[in-house]
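In: coords below, sequence missing:
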Ligand code: ATP
Ligand code: MG
């Protein structure tokens with residue numbers, strides 16, 4: 001091992017102790033890594049240099065270092081320092097301090113914010129609920145050394161520090177080697193770290209999907225066993241995580257990861273059950289197809305919406321609930337409305353889906369049954385519905401689960417392109433056809449009539 005790896009599981013069993021930190025520093029000098037200043041946000045560089053000039057330690061840290069090492073483009077640049085938030089504030093006019101319990105400095109450059117955090121000892125997972133659960137109010141703002149700061153992070157690949165003083169990467173947990181091996185590895189005892197913060201299980205799957213990394217077996221092993229701990233996580237935080245899992249361009253890979261590690265039932269209990277009982281696999285195919293097209297939209301920088309995403313993710317649950325209610329004798333419309341409400345309500349106990357997304361999600365579902373109608377008034381009403389476009393896209397997706405929607409898709413695709421008059425006349429034509437087809441095919445009837453006329457003549 002060229003770099004050595006001091007972070008053996010036994011060596012870090014006691015990471016919660018702030019007194020002894022059994023980690024060895026590995027310095028990866030500039031000529032042995034690929035991080036170049038030209039790939040770092042100029043504003044982040046400004047912050048780093050200013051801190052350094054004032055005599056403080058200044059490091060780029062977390063996701064940005066990891067992403068740069070794998071050749072990615074970080075979406076934000078976080079800085080870690082030994083300066084206190086107040087000292088940071090004194091250095092930057094454009095700085096505001098945020099958070100009471102977990103004080104952070106935000107240095108604001110127009111739309112870009114560089115987050116500057118003081119090295120901390122012990123863990124804060126950002127969940128906001130840790131304090132209440134464990135009553136450890138005091139621990140969060142205990143500042144620490146850079147080593148303390150490294151070991152409170154989740155994965156080794158997230159605990160690398162790029163030092164502005166010599167452009168080296170500082171590694172306390174074996175993260176550099178893990179990044180090179182494209183491996184997600186938790187710092188410390190995996191089970192203990194998941195118990196501290198179950199959302200780390202989702203982060204493992206999400207980051208592995210995003211980066212194309214494998215999850216190291218000891219880090220992966222406890223996930224299926226502990227998956228149901230996710231029910232203890234704050235629903236608002238899970239909502240944010242789900243958006244990151246599925247709307248960041250790697251939704252399909254995220255889904256496969258969640259499935260593989262048994263996390264789907266913890267996040268979407270009813271959908272997971274419906275998928276399991278759908279033996280043809282049609283619902284799963286539709287879901288995968290939907291996530292794939294969402295990924296393509298993200299890649300093309302087209303907008304994606306949480307309402308559509310949740311309509312997709314909860315569609316299996318909706319279908320199942322609808323069937324149950326119809327079996328109980330409810331008429332379609334009533335059954336649909338109740339199924340939509342029921343599924344939404346049940347899902348809210350796990351994931352806090354805000355109403356501004358759950359209402360459009362339900363509309364996407366409820367519009368589906370309207371697509372088979374060719375009644376003039378209904379057709380126009382459907383077309384002018386604010387959720388028409390999303391609902392139509394959803395109908396197109398349903399095609400991947402069942403071929404029976406082809407005719408509706410063709411009709412509504414055409415209907416969108418026609419002006420009012422054109423649409424009216426094609427509806428008239430359709431209606432005429434339908435009336436004639438009522439009972440017997442048109443040509444036969446005509447022929448019969450003609451024959452009749454002829455015979456009476
Ligand atoms: P991305 O921004 O690409 O989603 P990230 O790793 O930057 O990934 P953030 O949520 O921005 O994720 O977190 C920044 C850093 O904070 C992480 O790299 C990690 O070092 C630390 N961190 C985040 N969440 C946790 C957690 N639950 N437990 C421990 N450390 C965490
Ligand atoms: Mg980040």
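Out: On my side now, so go ahead. For clarity, every value in this text was computed on a predicted model and none was experimentally measured. Ligands and ions are numbered 1, 2, ... in the order given.
In: give me phi/psi at the closest residue to ligand 1 within the stretch 251-400 of the chain?
Out: Ligand 1 sits closest to residue 254 of the stretch 251-400 of the chain, with a gap of 11.7 Å, by Cβ to the nearest ligand atom. Heads up, the C-betas are built off the backbone N, CA and C, glycines and all. Here is the backbone geometry of residue 254 (degrees, to the nearest 10): phi -60, psi -50.
In: Quick one: residues contacting the closest residue to ligand 1 within the chain.
Out: Nearest residue of the chain to ligand 1: residue 63, at 2.2 Å (Cβ to the nearest ligand atom). The contact partners of residue 63, taken as Cβ atoms under 8 Å, 6 or more residues apart in numbering, are 74, 75, 76, 78, 158.
In: Let's verify the first one: helix, strand, or coil?
Out: Read that as residue 74. Assigned by DSSP: H, G, I helix; E, B strand; the rest coil, the conformation of residue 74 is coil.
In: That one contacts residue 61, correct?
Out: No: Residue 74 is beyond contact range of residue 61, at 11.1 Å (criterion: Cβ atoms under 8 Å).
In: what is in contact with those two at once?
Out: Shared contacts of residue 74 and residue 61, defined by Cβ under 8 Å, 6+ apart, are absent.
In: Compare those two (neighbour count), which wins?
Out: Between residue 74 and residue 61, counted using other Cβ atoms under 10 Å, residue 61 has the larger neighbour count: 25 against 18.
In: And for the residue of the stretch 251-400 of the chain closest to ligand 1, the neighbour number?
Out: 26.
In: That one contacts residue 243, correct?
Out: No: between residue 254 and residue 243 there is no contact under Cβ under 8 Å: 10.9 Å.
In: for ligand 1, what are the nearby residues on the stretch 151-300 of the chain?
Out: 153, 154, 158, 159, 197, 199, 200, 244 (Cβ under 6 Å from any ligand atom).
In: dump the residue contacts of the second one.
Out: Under the criterion of Cβ under 8 Å, 6+ apart, the contact partners of residue 154 comprise 125, 186, 187, 193, 197, 200, 203.
In: give me that answer again for 6 Å
Out: residue 200 (Cβ atoms under 6 Å, 6 or more residues apart in numbering).
In: now swap in the fourth one and tell me
Out: Neighbouring residues of residue 159 by Cβ under 6 Å, 6+ apart: 150, 153, 173, 175.
In: Tell me the one of those residues nearest residue 38?
Out: Distance to residue 38 across the contacts of residue 159 (Cβ to Cβ) is lowest for residue 175, with 22.9 Å.
In: Wait, the closest one touches residue 156, no?
Out: Yes: at 3.6 Å, residue 175 counts as touching residue 156 under the criterion of Cβ atoms under 6 Å.
In: Show the low-confidence segments of this structure, by residue range.
Out: 1-22, 123-141, 434-457 (pLDDT under 70).
In: okay, now the domains of it?
Out: Per the record, the chain has its domains at 10-181, 280-411, by automatic domain parsing.
In: Let me know which of these is the nearest to residue 421.
Out: Evaluated over those, closeness to residue 421 peaks at domain 280-411, with 12.1 Å, by Cβ to Cβ.
In: And the strands in the protein, which stretches?
Out: 26-28, 58-61, 78-81, 95-98, 104-109, 112-118, 160-163, 169-171, 183-184, 214-215 (DSSP state E).
In: Residue 394: which of these is closest?
Out: When the strands of the chain are compared by Cβ to Cβ, strand 214-215 sits nearest residue 394, at 32.3 Å.
In: circling back to that earlier point, quick one: buried ones out of the contacts of residue 63?
Out: 74, 78, 158 (16 or more other Cβ atoms under 10 Å).
In: Right, I'll leave it there.
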